[in-house]
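# No letters, just coordinates:
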């Protein structure tokens, strides 16, 4: 079992930066793909970014490319999402997720069995 806890959300202005953190507890996530998803009110949960177990390969949805950076520190069971040049449309509840060990990067919600409870990011215009 993996327990994921997000932190770092808040209220910022358009153009500001914010870094989200995800702490994993329970079994190690060193060999697991991890990802960030987000969900805005009235919308479906959507993929934001994912990173492979080594931290060398990352994948982003088009709307956040060149603005967001995903990273991880395996020995500390931590994952991060550095968000720059934030826009009002980035406003959402951001979730940390993990795949089972040995998997590859996926963008579908159902591919991730482990989820945090989310941290709210609100970007004002």
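Nice, thanks for sending it over. Predicted model only: the values in this text are computed from it and were never measured. Numbering: from 1, shown residues only.

# For the spatially most central residue of the chain, give its distance to residue 16.
The centre of the chain sits closest to residue 36, judged by CA atoms, centre = their mean, with a distance of 2.1 Å. Computed as CB to CB, to the nearest Å, the residue 36 to residue 16 distance reads 18 Å. All C-beta atoms are positioned from the backbone trio N, CA, C, and that covers glycine.

# picking up where we left off before, enumerate every residue touching the residue nearest to the centre of the chain.
By CB atoms under 8 Å, 6 or more residues apart in numbering, the contact set of residue 36 is 20, 22, 48-50, 70, 79, 81, 94-97.

# Mind doing that once more with 7 Å?
48-49, 70, 81, 94-96 (CB atoms under 7 Å, 6 or more residues apart in numbering).

# and which of those residues is nearest to residue 27?
Closest approach between the contacts of residue 36 and residue 27, by CB to CB: residue 96, at 15.3 Å.

# Surely that closest one touches residue 79?
Yes. Between residue 96 and residue 79 there is a contact under CB atoms under 7 Å: 6.3 Å.

# Can you work out which residues contact both of these two?
residue 22.

# which intervals of the chain have sub-threshold pLDDT?
Along the chain, no part satisfies pLDDT under 70.

# and residue 67, how many neighbours?
For residue 67, the neighbour count with other CB atoms under 10 Å is 15.

# Could you do the one 5 residues further on as well?
Other residues near residue 72 come to 22 when the count uses other CB under 10 Å.

# Please name the residues that touch it.
By CB under 7 Å, 6+ apart, the residues touching residue 72 are 34, 51, 55, 78-79.
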